[in-house]
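Engineer: what shape does this take:
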Amino acid sequence: MRLLMLGGTEFVGRTITEDALDRGWEVTVFHRGHHAPPPGTAALHGDRTAPGGLAALAEGEWDLVVDTWGGAPTAVRDSARLLAARAGRYAYVSSRSVYAYPAPAGLTEDGPVVDGSPDAGSTAYAEDKRGAELAALDAFGDRALLVRAGLILGPYENVGRLPWWLDRTARGGPMLAPGPRDLPLQYIDVRDLARWTLDAAAAGLGGPYDLVSPPGHATMGTLLDACAAATGTTPDLRWTDADAIREAGIEAWTELPIWLPEGELHDYMFGSDVTKALAAGLVCRPVEDTVADTWAWLRSIGGVAPQRPDRPRKGISAEREAALLGL
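Structural biologist: Down below sits the predicted model:
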């Protein structure tokens, strides 16, 4: 297989690239040149947002294009149009954020989505992702695979969610644990996303698939237990209910990454019906493996995770945590 990876140097794109290389595929990485792609790839350089930025893609043929773009849909529109006659299939890594909010638990791929346009400049994340989906569909039709990922965790993470919990657990001591302990989580390990995306594209699948673990694949309790096991620490977990966290003005999802209290938003983020993806071969590794491998990666790079410049840093300050715990 000949793969053209649009991106391919960080987190999701890098993991997909490495998976393809492990399969023996011929991989070309198109990127801006800010980060080195994995060894074994051919590199083409260009900026999709600049005039003439796709010039390096004017020639060449590929069996599959994989695109993880998260900005203005016009970048996907222009890339897909340019490649439609020279590429077999186009896999776009989208997001479950394209579904209209609120959405009940149990939502499937047939659920209502936000408005988007392939011709739009960057507006909001959900609308951008939906516009990019439409761009891929316009150019490739049923040759377009829409991978609607949920929360993505694992090695190479550059958003700071799981790395923050690992770093906090490693410090030990009394630790705010947002409850309840059995609160179900739903996420996808980036390596499981990569494997499924390449398998599905190679098998000729098209259309939308929600790609995330089954609801309750992990809980806050099993996640934090896995963090303790991976770091070799025994933190004093202080399980705290959502009302106390809310009253303290502590923000879910940002100050307490991954965690959302029970209710409408939790159902929207962690309640997807993934029957379709499971039937198409999705296999999700245990949370203990995701956490342990992420910790091993963090240690291999000196303990400081990369941080995307367009995303705010995650995690609660030590002072705000101590104040809530009464320390």
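Engineer: for the rest of this, base every contact and every neighbour count on C-alpha atoms.
Structural biologist: Noted.
Engineer: quick one, helices of the stretch 201-327 of the chain?
Structural biologist: In the stretch 201-327 of the chain, the helices defined using DSSP state H, counting those that start in this stretch lie at 220-231, 242-247, 264-270, 275-279, 287-300, 318-325.
Engineer: what comes up buried for the longest one?
Structural biologist: Which is helix 287-300. Going by neighbour count (16 or more other Cα atoms under 10 Å), the buried part of helix 287-300 is 287, 288, 290, 291, 292, 294, 295, 297, 298.
Engineer: in the sheet, which residues pair with residue 187? Tell me.
Structural biologist: Using DSSP bridges, the beta-bridge partners of residue 187 come out as residue 151.
Engineer: quick one, what contacts residue 129?
Structural biologist: For residue 129, the contacting residues are 70, 71, 73, 94, 95, 97, 98, 116, taking Cα atoms under 8 Å, 6 or more residues apart in numbering as the criterion.
Engineer: what's the neighbour count on the fourth one?
Structural biologist: By that I understand residue 94. Residue 94 has 27 neighbours, counted by other Cα atoms under 10 Å.
Engineer: pull the longest strand from the protein.
Structural biologist: As assigned by DSSP state E, the longest strand anywhere in the chain is strand 87-95.
Engineer: which secondary structure elements does that strand contact?
Structural biologist: The criterion is 3 or more Cα pairs under 8 Å, 6 or more residues apart in numbering; DSSP states H and E, and the helices and strands that strand 87-95 contacts are strand 62-67, helix 125-140, strand 144-149, helix 190-202.
Engineer: averaged pLDDT, the second one. What do you get?
Structural biologist: Looking back up the chat, that one is helix 125-140. This predicted structure assigns helix 125-140 an average pLDDT of 98.
Engineer: alpha carbons only: can I get that helix in PDB?
Structural biologist: Taking only C-alpha atoms (Å, rounded to 0.1, in the frame of the first residue of the first chain), the coordinates of helix 125-140 have been written out as PDB:
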ATOM      1  CA  TYR A 125     -13.900  23.100  16.200                       C
ATOM      2  CA  ALA A 126     -17.100  21.100  15.600                       C
ATOM      3  CA  GLU A 127     -18.100  23.100  12.500                       C
ATOM      4  CA  ASP A 128     -14.600  22.900  11.200                       C
ATOM      5  CA  LYS A 129     -14.500  19.100  11.500                       C
ATOM      6  CA  ARG A 130     -18.000  18.800   9.900                       C
ATOM      7  CA  GLY A 131     -17.000  21.100   7.000                       C
ATOM      8  CA  ALA A 132     -13.900  19.000   6.500                       C
ATOM      9  CA  GLU A 133     -16.000  15.800   6.400                       C
ATOM     10  CA  LEU A 134     -18.100  17.300   3.700                       C
ATOM     11  CA  ALA A 135     -15.000  18.300   1.800                       C
ATOM     12  CA  ALA A 136     -13.800  14.800   1.800                       C
ATOM     13  CA  LEU A 137     -17.200  13.400   0.800                       C
ATOM     14  CA  ASP A 138     -17.500  16.000  -2.000                       C
ATOM     15  CA  ALA A 139     -14.200  14.900  -3.600                       C
ATOM     16  CA  PHE A 140     -14.100  11.200  -2.900                       C
END
